[in-house]
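Visitor: Okay, predicted coordinates and the sequence, questions at the end:
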Amino acid sequence: MILLSIFDSIIRNRNDVRIIILGNAVEGIEYSPLFSFFGLSLPYGNDIKLFKDNTILVQYMKNEEFRKDRENTLIGKLAKGTPYQQYAVENQILDKNNNFIEKKKGTSKFSFAFIYENEIYGVWFDYVEGKIYVSFDYNKNTPYIFSFTLKDHKPNTLMINSVRNYKAFKNFIENFKLGNVYYENQKIKHVTNQLLKMILSLH
């Protein structure tokens, strides 16, 4: 919203203006606020993908000439054969693995939900599997929806600083530390991990 407001203030009704946003190939870029707001995705299998009536162009750069030159530099030789080579030389996105990606079972019981960037995530406890699952599925009638930001704080939500009074959320955090929390897809994993790391940094 802020970006659109700035853009609108600058260009008004003109159609001959371009805005260029640069970024590194980092884990979670597909779930960044910009990608989420406009519904963007990386152009895997190609280097360019168009969105929003061709008004947005996403380019995932893999410059072979640059890569070969970079391989012959000091850092290129030092990084050869390491994960850093994939990131710094080959422009690959690191850490996108399927660890902790798993669909919840029918034995899972809904516990609470949280909202972030206007998206609601359900937390399910499976006492049979001994796991906790985070899903886009949640009980629409739950009285427990925690909000992490003032922007997401609405009637019938609880600010995140109230979690200390809610045992299930504390259990959720403890199980995250123990590696017992699973996610139904990569986006849920990325968002949840970032939010829980933020909570842990405050303790």
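Guide: Arrived safely. Residues are numbered from 1 along each chain as shown.

Visitor: From here on, just use CA atoms for contacts and neighbour counts.
Guide: Fine.

Visitor: now the strands: where do they sit in the chain?
Guide: Assigned by DSSP state E, the strands in the chain fall at 48-51, 56-59, 109-116, 119-126, 131-135, 145-147, 158-159, 181-183.

Visitor: got the buried residues for the biggest helix by length in the chain?
Guide: Longest helix of the chain, by residue count under DSSP state H: helix 186-201. Of all the residues in helix 186-201, those buried under the rule 16 or more other CA atoms under 10 Å are Gln186, Ile188, Lys189, His190, Val191, Thr192.

Visitor: Repeat that for stretch 170-189.
Guide: Within stretch 170-189, the residues that count as buried by 16+ other CA under 10 Å are 172-173, 175-176, 180-186, 188-189.

Visitor: One more: stretch 109-117?
Guide: Lys109, Phe110, Ser111, Phe112, Ala113, Phe114, Ile115, Tyr116.

Visitor: average pLDDT across it?
Guide: Averaging pLDDT along stretch 109-117 yields 93.

Visitor: mind checking how far it is from the chain centre?
Guide: 16 Å (CA atoms, centre = their mean, to the nearest Å).

Visitor: Just the C-alphas of that stretch, formatted as PDB.
Guide: Extracted in PDB, the C-alpha atoms of stretch 109-117 (Å, rounded to 0.1, in the frame of the first residue of the first chain):
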ATOM      1  CA  LYS A 109      -7.300 -31.200  16.900                       C
ATOM      2  CA  PHE A 110      -7.600 -27.500  16.300                       C
ATOM      3  CA  SER A 111      -6.200 -25.300  19.100                       C
ATOM      4  CA  PHE A 112      -5.900 -21.700  18.000                       C
ATOM      5  CA  ALA A 113      -5.100 -19.400  15.100                       C
ATOM      6  CA  PHE A 114      -2.900 -16.400  14.300                       C
ATOM      7  CA  ILE A 115      -3.200 -13.700  11.700                       C
ATOM      8  CA  TYR A 116      -0.400 -12.100   9.700                       C
ATOM      9  CA  GLU A 117      -0.600  -9.800   6.700                       C
END
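
Visitor: Perfect, I'm done here.
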